[in-house]
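Novice: structure for this input, please:
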Amino acid sequence: MLKKLISIIFIVFLLASQVFAGGDRRKGTSGAHELRIPIGSRGTSLGGSIVADVQGLESIYWNPAGASSIRGAEAMFSYLDYIADMSLSFAAVGANVPGIGTISVSARILSIGDIIVTTEEAPMGTGEIMNPNFVTLGITYSRQMTDRVFFGTSLNLICLLYTSPSPRDLSTSRMPSSA
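Specialist: Modelled structure (predicted):
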């Protein structure tokens, strides 16, 4: 019994040490920061304290287990004007499948807006403008295990799409004259 307890404690400490992997030299190298932008006005206005009591499709962001509260089918659409001319569009559809659980699909598009293309040779701009968009497609599964235990998980596919329209003259903002 004691040997088993010591083995369990050893495994827990071994797994907990993996949490701190990376070190100081890797600071600032994480990705997918667009996933941290909150979805839904209720959770945002409560400052994230909704995480233990969220229900419906808004829970896809806050706590996927909360999607198991959906009875029948549900849809959610959200649009957010974010800082620095960025915008976030969100759409989700979920349905409770009897005997299986709740299955939801979602799409999130973060539009960064127009960015002036610069290079080492042209630090003030090349005359081109690009428009990057982060597209996140997700699928969420959740299930109520008992009257007090809920389970939920999400899987997200993240893509970066950008368009580079034809070059524009950035030196003037006036309309061309028709002389």
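Novice: dihedrals phi and psi, the residue nearest the centre of the chain?
Specialist: The structure's the chain has its C-alpha centroid closest to residue 35; by C-alpha atoms, centre = their mean the separation is 2.3 Å. Per-residue torsions, residue 35: phi -70, psi -10 (degrees, to the nearest 10).
Novice: ditto for residue 76
Specialist: Dihedral pair for residue 76: phi -140, psi 140, per degrees, to the nearest 10.
Novice: that one: neighbouring residues, count only.
Specialist: The number of residues packed around residue 76, counting by other C-beta atoms under 10 Å, is 17. Glycine gets a C-beta too; all of them are placed from N, C-alpha and C.
Novice: wait, doesn't it sit right on residue 105?
Specialist: No - if you go by C-beta atoms under 8 Å, residue 76 and residue 105 don't touch, sitting 11.3 Å apart.
Novice: now do the shared contacts for those two.
Specialist: Residues touching both residue 76 and residue 105 by C-beta atoms under 8 Å, 6 or more residues apart in numbering: 92, 93.
Novice: list the buried ones in the longest strand along the chain?
Specialist: The residue-count maximum for a strand in the chain (DSSP state E) belongs to strand 129-144. By 16 or more other C-beta atoms under 10 Å, the buried positions in strand 129-144 come out as 129, 133, 134, 135, 136, 138, 140, 141, 142, 143, 144.
Novice: looking at the residues you listed, which is nearest residue 114?
Specialist: Nearest to residue 114 out of these is residue 129 (C-beta to C-beta; 4.8 Å).
Novice: do I have it right that that closest one meets residue 115?
Specialist: Yes - at 6.7 Å, residue 129 counts as touching residue 115 under the criterion of C-beta under 8 Å.
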